[in-house]
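Quick one, what's the 3D model for this:
(chains A and B)
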Number of protein chains: 2
Amino acid sequence: MSFLRHLLRSRSNVSPIKQTRFFTTSGLSSLVPTEKGKDKPRVVVLGTGWAACRLMKGIDTGLYDVVCVSPRNHMVFTPLLASTCVGTLEFRSVAEPVSSIQPAISRLPGSYFFLSRCTGVNTDTHMIECEAAVTDEDRDPLKPWKFKIAYDKLVIACGAEASTFGIHGVKEHAIFLREVHHAQEIRRKLLLNLMLSDMPGISEEEKRRLLHCVVVGGGPTGVEFSGELSDFIMNDVTKRYTHVKDYIHVTLIEANEILSSFDIRLRQYAVKQLTKSGVRLVRGVVKDVQGEKIILNDGEEVPYGLLVWSTGVGPSSFIRSLELPKSPGGRVGIDEWLRVPSVPDVFAIGDCSGFVESTGKPVLPALAQVAERQGKYLAGLLNRIGKADGGYANTSVNIELGEPFVYKHLGSMATVGRYKALVDLRQSKETKGISIAGFVSWFIWRSAYLTRVMSWRNRLYVAINWLTTLLFGRDISRI
Amino acid sequence: MSFLRHLLRSRSNVSPIKQTRFFTTSGLSSLVPTEKGKDKPRVVVLGTGWAACRLMKGIDTGLYDVVCVSPRNHMVFTPLLASTCVGTLEFRSVAEPVSSIQPAISRLPGSYFFLSRCTGVNTDTHMIECEAAVTDEDRDPLKPWKFKIAYDKLVIACGAEASTFGIHGVKEHAIFLREVHHAQEIRRKLLLNLMLSDMPGISEEEKRRLLHCVVVGGGPTGVEFSGELSDFIMNDVTKRYTHVKDYIHVTLIEANEILSSFDIRLRQYAVKQLTKSGVRLVRGVVKDVQGEKIILNDGEEVPYGLLVWSTGVGPSSFIRSLELPKSPGGRVGIDEWLRVPSVPDVFAIGDCSGFVESTGKPVLPALAQVAERQGKYLAGLLNRIGKADGGYANTSVNIELGEPFVYKHLGSMATVGRYKALVDLRQSKETKGISIAGFVSWFIWRSAYLTRVMSWRNRLYVAINWLTTLLFGRDISRI
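Here you go, the predicted model:
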């Protein structure tokens, strides 16, 4: 057995270059500042959402080392997440590993992906503090593993948090729909309730509660999820849960109008389609959420078996904790070049960022489209700075930045189930433009996403998932 | 909002036929005994493994109502489970919903699937007691929901449990490889350790520990998993975890010989192939398992980051608790027609059953092949009994049962990684026969499984998974 001892103690001199990069200072291990001539400048990216991934995809890894810090090693193709909850798509088809998006982070000696959360930013020393993102469930003894990273450029792109508007019980009882594990939880719960409701001796009232799916929030996510659910009920539950098919219902609760950012005709179409599919649309405000029922403002009690919460997003506690300039609404403030004003070498993009008031521009909506465009723009800007020899910390003061970032809205899309979708190609709520609804726009919606799902692997899987759902129905194994 | 109240209280008179089937007796709801002339006889099947699913697939649902009781609503295609741990196959490709295997259980009014565990069998009253299989994680208030089911025929097919030989710490620290959630846990842990080992400041020793994958048990499962792991390391880790690729190792610990049931030449071939792939084969006996290391009998300490335990199976606590005749080794005893002797209308098949000593036959090995053959045989036997009007409880005493069950071993197969497999077509260890190894047998192995994965949907997915793994490498998103 001595080979084991040998195996476990050998190679202590492996990769001396990497060794020199790590230092232990003031009790914490660090990725120390880069040295001009010896290292490439280091871009530290916080997050693996649309903004961060688009940035990493576009950055020139010949100019920069890229270090990504995120509790998630993959990007989630959020517009398709609702489809995974009912088995139309598989979870893995909508997740793209960061190292496929930017292979350098797993290959080049100075680029890294750290499964961690950033816990603090020191803009004076150009250092961030991080903590390994390991849950108790992972039973890992390293926890909490803390370390520091020196940056030349810092890009804050860690997104936003689901808003609960301070309503009691939302976090405990409702499920959000922002991550793959949320979709997994919704799927498990839905299939569990379908099976529980068929147990001997369950009362009629309890059956109806277990199979009452309530969606709060009538934005695109809530509407698409409701549409997917009603498709699942009409196509799969009726065939494969015959005993309980008459007990399952979907209710969509929205305080104002559903899809309020869409053209009025599209909104009317959506209401008609959803109602036709059996989704009950309720205008109401949730006051309190309990384990088996929600209480509305008018006192009405709504028993539920599954509660999905999608009422938009707000700044996360990490973003709130940062002592940086802020935009209206509490996001990290940025100027027209996506720089955080008054703080050198710090940028912010995506849902966590917003123009500071002095730019005179409105805070952009929290959309994948905005994040993706900002990521692309910033990759170009950083490459330009890098080429002009401004990549290292505090060296880009006099570099010509070129055109500022301008957002041009390309339109909005949403499905409403039953092979129907809405496509709104107006540039803003006030302008005129094309808006279409129905099967053709559903086809456009699918095609648009199929060409945007990032890797060929996932394009193939999404296409095959759609095909098999059409041919064989949705998968209902509860794994 | 009154529609909601209406929605939740309406339809209390739905499906009167189903209503009459449920009774509440002595505090517990029941599926009451069937009545001749009014109902079909009821076969209650415990389990959703190979034996139970093959039985349900073959049973004539024109003759019987089928009620399946299992904590899992799908069958797991166990021989391919090892491939899912490293992303060669997707989890869902190896899981088949019970209602696809036997659609009647979700469609016919008297057939059911109950997501439950059987907790007791009363052979005098022909009744079983069940408890809903809901975990705390599911935060469900029904728990523990108990009920009873009256049976006309009872088939015990709930499988076996992984054996730990009473070794301390195995259940706490090792991961078995018998269910999809085990494979998911292994995958999450493996990807987590790959990422943790790359954190700033992790010592060389700790890196090597985190990336030391130890497999205990050299049967087909342990060997196949080791082979898959080394494939993953050689093809994917080297490309996508460049920083830590030299630290990852696989050790396979077996007390005796690996693949002891295979032909000697095949065993030698397997040893050669595994060694070539970098798997360290260690002959040793585990004495104690701790959080970060195992202790062998000779006192050697083996630090590990991932520990997979596959040392065979033994009777579960439920099987041990049953007051029924037993076979040598503590399984439920059966005669040559798979009936439990002295207990009318009770049958047992698969890993939980074994011939009683008086049959003079040996207890069959715990193999998918045995379980599948028994399920098929028993479906035929029950159909024969049903046609002869012996389907109801206590009515099959004088029915001619036909030929007894005879097991004919068709051979064994196992992969060892690198597109190599072993196929042993001898009928037993003592007889002569064909045994081949290498790429051709790997091809046979794949083809054999592809035609056996039960639904067309999963055949398609397994083929596509294999294809994309070949084209794009394995998926490494940790969802």
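
Output the longest strand belonging to chain A.
In chain A, taking DSSP state E as the definition, the longest strand is strand A:112-122.

packing partners for the next helix or strand after that strand?
Counting by DSSP states H and E, the next helix or strand C-terminal to strand A:112-122 is strand A:127-132. Helices and strands touching strand A:127-132, by 3 or more Cβ pairs under 8 Å, 6 or more residues apart in numbering or on different chains; DSSP states H and E, are strand A:112-122, strand A:146-150. Heads up, the C-betas are built off the backbone N, CA and C, glycines and all.

Do me a favour and average the pLDDT over the following helix or strand past the last one.
Read in the C-terminal direction, the helix or strand following strand A:146-150 is strand A:153-156, with elements assigned using DSSP H and E. The predicted model gives strand A:153-156 an average pLDDT of 98.

same question, stretch A:55-75
When pLDDT is averaged along stretch A:55-75, the result is 96.

List the buried residues of it.
Buried residues in stretch A:55-75, counted by 16 or more other Cβ atoms under 10 Å in any protein chain shown: A:55-61, A:63-75.

Just the ones in strands from those, please.
Those of those lying in strands (DSSP E): A:65-70, A:74-75.

Same list (these) but as TSV, adding distance to chain B.
Below are those laid out as TSV (distance: Cβ to the nearest Cβ, whole Å):
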residue	distance to chain B
A:D65	13
A:V66	13
A:V67	10
A:C68	11
A:V69	11
A:S70	11
A:H74	4
A:M75	9
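
Determine which two of those are furthest apart.
A:D65 and A:H74 (21.0 Å; Cβ to Cβ).

which ones are touching A:V356?
When contacts are counted by Cβ atoms under 8 Å, 6 or more residues apart in numbering or on different chains, A:V356 touches A:325-327, A:333-335, A:341.

For it, which non-adjacent residue is spatially closest?
Nearest residue to A:V356 in three dimensions, chain neighbours excluded: A:G333, at 3.8 Å (Cβ to Cβ, 6 or more residues apart in numbering or on different chains).

and the stretch 201-350 of chain A, which residues reach chain B?
Residues of the stretch 201-350 of chain A lying near chain B by Cβ under 8 Å from any Cβ of the partner chain: A:201-202, A:204-206, A:208-209, A:212, A:239-243, A:246-247, A:249, A:251, A:280, A:282, A:284, A:291-292, A:296, A:298, A:300, A:302-303.

Restrict those residues to the buried ones and give me that as a ChimeraX selection.
With 16+ other Cβ under 10 Å as the criterion, this ChimeraX line picks the buried residues out of those:
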select /A:201,202,204,206,208,209,212,240,241,242,243,247,249,251,280,282,284,292,296,300,302,303
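
what stretches of chain A score poorly on pLDDT?
Scanning chain A for pLDDT under 70 picks out A:1-27, A:135-143, A:452-453.

tell me the domain boundaries of it?
A:17-160+A:315-387, A:162-313+A:410-472 (automatic domain parsing).

distance of the residue of the stretch 351-479 of chain A found nearest chain B from B:L115?
Nearest residue of the stretch 351-479 of chain A to chain B (Cβ to the nearest Cβ) works out as A:S477 at 3.6 Å. For A:S477, the distance to B:L115 equals 12 Å [Cβ to Cβ, to the nearest Å].

Got the phi and psi for A:G219?
Main-chain dihedrals, A:G219, degrees, to the nearest 10: phi -80, psi -180.

How about the contacts made by it?
Listed by Cβ under 8 Å, 6+ apart, the contact set of A:G219 reads A:258-261, A:310-312.

Just the residues contacting stretch A:229-248, thanks.
A:85-88, A:194, A:197-198, A:207-208, A:210-213, A:215, A:250, A:274, A:277-279, A:417-418, A:473-474, A:476, B:11, B:14-15, B:18, B:97, B:99, B:103, B:106-109, B:112.

Need the contacts of A:G219 in TSV (columns: neighbour count and secondary structure).
What follows is those, written out as TSV (neighbours: other Cβ atoms under 10 Å in any protein chain shown; DSSP: H, G, I helix; E, B strand; the rest coil):
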residue	neighbour count	secondary structure
A:I258	23	coil
A:L259	22	coil
A:S260	11	coil
A:S261	18	coil
A:S310	26	coil
A:T311	23	coil
A:G312	14	coil
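
Appreciated, that's everything.
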